[in-house]
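>>> need coordinates for the below:
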Amino acid sequence: MPSPRVRRVTIEGLLFLALLGCVLAGALVRQIQLLLMLFALLVGIPLLNWRLARSTLRKLDIVRRVPRSIAAGDLLMVDIEATNRRRRLPGWALTVEDRIRRQGAPDSEELIRARTLIPCVLPGSSSKQSYRGRIMRRGKYLFGPLRVSTRFPFGLVRGSMVFQQQHELLVAPRLGRLTTRWQRLQQSSDLGTSSVARRQGLLEGDFYGLRDWREGDSRRWIHWRTTARRQSPVVRQFEQQRNQDLVLILELWQPERPTPADLDNVELAVSFAASIVADVCRTGGRSLWVSTAAAQPQFNSGPASLALTREVMDSLAVAEASSVDWLPGSVAQVLEVARPGANAIVISTRAIEWTDTERFSKVWSNPRQRAWLGRFKSINTSQPELAEYFSPL
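Numbering: from 1, shown residues only. Below is the predicted model:
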C-alpha cells in the first residue's frame, strides 16, 4: 500500500504564501497588532490544507479495469473504482491520472495521459468513474502507474499517492470494408473451384425446392400451402454450401529506412488481412490457415470461429514489419499443413514474382507445394488495384 505524501504547493498556494509574507512584513514594519493577528489566522489555512490533503488519501484503494482488447479507432472505456476504508473522513475531489504507452514505441512517441475526477467517496464505501478515448494505432499498450491526488479543501497544497498497477491492452487492427468484387473473387476460378452439394432436409443453406415428406423430417420444414393443395405432406429442400478452406499469407515488408508512405502501406495490409479473417470467421463452415511474414513470424490455424478470430487479431495487433525477407519460409510452413484444394491468397506490401526459383527454392523443390503456385492470388497493397477489393474505414 503506497503512503500518501504532499507533492508540492500549488500556484494558488504560492500566491497565498506571498500574500502572507506581505501581511507579516507590513505588521513588523508598521508595528500593527491587527496585521499580526490576521497573519496568525491566515497561516493556519495552508497547514490545515496540508493535513486534510494527506488524511484524505490515507486508507484509499484504487482499482483500474481495462478491456482485454479493442480495435483501433474504437471507443475505449476504462473504469476507475476508489474505495475508502476509513470510518469517518470522506475522500473529496480525487483526481486520478493514468499513463498509457505503446510497447516498443520510440522515446519520441508521446505518452497518452488520461484523467478523471471522483467527486466524493464516503467512508466505508466505493465510487466509480471512467475515462474514455480512442487509440488510433494498433499494438500492445501498457497502463500505469496510477497517480491519485487531491487539493481539498482550499487548493493550496496538492497531496498525491502512486499506485503501481500495470495492465495491458491489445489494440487490434481496424477493420475495413470488403467490396463485392472481393466476394466474387473468392468464388472465381482464380482461387480454385468451389462446390455446392445439395442435401435434402438440412437447414444449412438456401431454400431451392420442394419434395415429399420422409420419415425423420422436421415439421418446421413443411410447406403448408402446397401440402393443403396436394393433400399430402410436402417439405422444403435446402442446399448446403460447402465453403472452401482458405490459406491467407500476409507479408509485412518495408525498407530499412521506411517513409511515412511505407508505414501507411503496412497498416493498410494488416487491416486488409484482419478484415478477411473477420469476414471468413463470421461466415464459418471452413478451415483457415493464416501465416504472417513479419519481424516475428506468426502462424494461426483452425476452424473459422470467434476463438480463431481473437487469436489472429492478437497476432496482427503486435505484428511489426521487417526489411528481412520472411515470405519464403512462411509460404513453405503453411503449405506443409494446408489442406489440398483450399483457396490461397497472399497479401503483400510489394510485388511478388512466384517464378523466382531462387527465392522460393523450398517451394519449387517440393512437388506438393509447387502445385500450389499456380493457384496463388497475390494482392499488392501498394498498388491502386487494392481499392477494387478493400476500402479502409
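>>> only C-alpha atoms from now on, for both contacts and neighbour counts.
Fine.
>>> name the nearest residue to Leu169, sequence neighbours excluded.
Closest residue to Leu169 apart from its sequence neighbours, by Cα to Cα, 6 or more residues apart in numbering: Tyr141 at 5.1 Å.
>>> surely that neighbour meets Ile135?
No. Here Tyr141 does not reach Ile135: they are 9.6 Å apart, not a contact under Cα atoms under 8 Å.
>>> got any residues that touch both of those two?
Residues touching both Tyr141 and Ile135 (Cα atoms under 8 Å, 6 or more residues apart in numbering): Val171.
>>> show me what the biggest strand by length in the chain is packed up against.
For the chain, the strand that runs over the most residues, judged by DSSP state E, is strand 91-102. Judged by 3 or more Cα pairs under 8 Å, 6 or more residues apart in numbering; DSSP states H and E, strand 91-102 is in contact with helix 44-57, strand 112-121, strand 139-143, strand 146-150.
>>> let's test this: mean pLDDT of it, rounded?
The pLDDT scores in strand 91-102 average 94.
>>> ditto for stretch 37-53
Stretch 37-53 comes out at a mean pLDDT of 89.
>>> the residue nearest to Leu169 - how many residues pack around it?
Each residue near Tyr141 was counted by other Cα atoms under 10 Å, and the total is 20.
>>> mind listing what it touches?
Listed by Cα under 8 Å, 6+ apart, the contact partners of Tyr141 are Ile100, Arg101, Arg102, Gln103, Glu168, Leu169, Leu170, Val171.
>>> pLDDT score assigned to the residue nearest to the last one when sequence neighbours are not counted?
Going back to what we said before, that points to Val171. Nearest-residue entry for Val171: Arg138, 4.7 Å, with adjacent residues in sequence omitted and distances by Cα to Cα, 6+ apart. For Arg138, the pLDDT comes out at 94.
>>> just the residues contacting the helix or strand harbouring Val171, thanks.
With secondary structure defined by DSSP states H and E, Val171 is part of strand 167-172. Strand 167-172 is contacted by residues 66-72, 135, 137-144, 313-314, 316-317 when judged by Cα under 8 Å, 6+ apart.
>>> can you do 6 Å?
With Cα atoms under 6 Å, 6 or more residues apart in numbering as the contact definition, strand 167-172 has outside contacts at 68-72, 138-143, 313, 317.
>>> residue ranges in this protein under the pLDDT threshold?
Applying pLDDT under 70 to the chain flags the ranges 1-7, 187-208, 216, 238-243.
>>> domain parsing of it, as residue ranges.
Here the domain assignment for the chain is 1-172, 177-193+244-391, 196-242, based on automatic domain parsing.
>>> buried ones in the longest strand of the chain?
By 16 or more other Cα atoms under 10 Å, the buried positions in strand 91-102 come out as Gly91, Trp92, Ala93, Leu94, Thr95, Val96, Glu97, Asp98, Ile100, Arg101, Arg102.
>>> and stretch 376-393, by the same measure?
Phe376, Lys377, Ser378, Ile379, Asn380, Thr381, Ser382, Leu386, Tyr389, Phe390.
>>> same check, this time on stretch 278-287
By neighbour count on 16+ other Cα under 10 Å, the buried set for stretch 278-287 is Ala278, Asp279, Val280, Cys281, Gly285, Arg286, Ser287.
>>> from the residues you listed, which land in strands?
Assignment to strands by DSSP E places the following of the buried residues of stretch 278-287 there: Ser287.
>>> distance to Gly26 added to the buried residues of stretch 278-287, as CSV?
What follows is the buried residues of stretch 278-287, written out as CSV (distance: Cα to Cα, whole Å):
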residue, distance to Gly26
Ala278, 75
Asp279, 78
Val280, 81
Cys281, 79
Gly285, 87
Arg286, 87
Ser287, 86
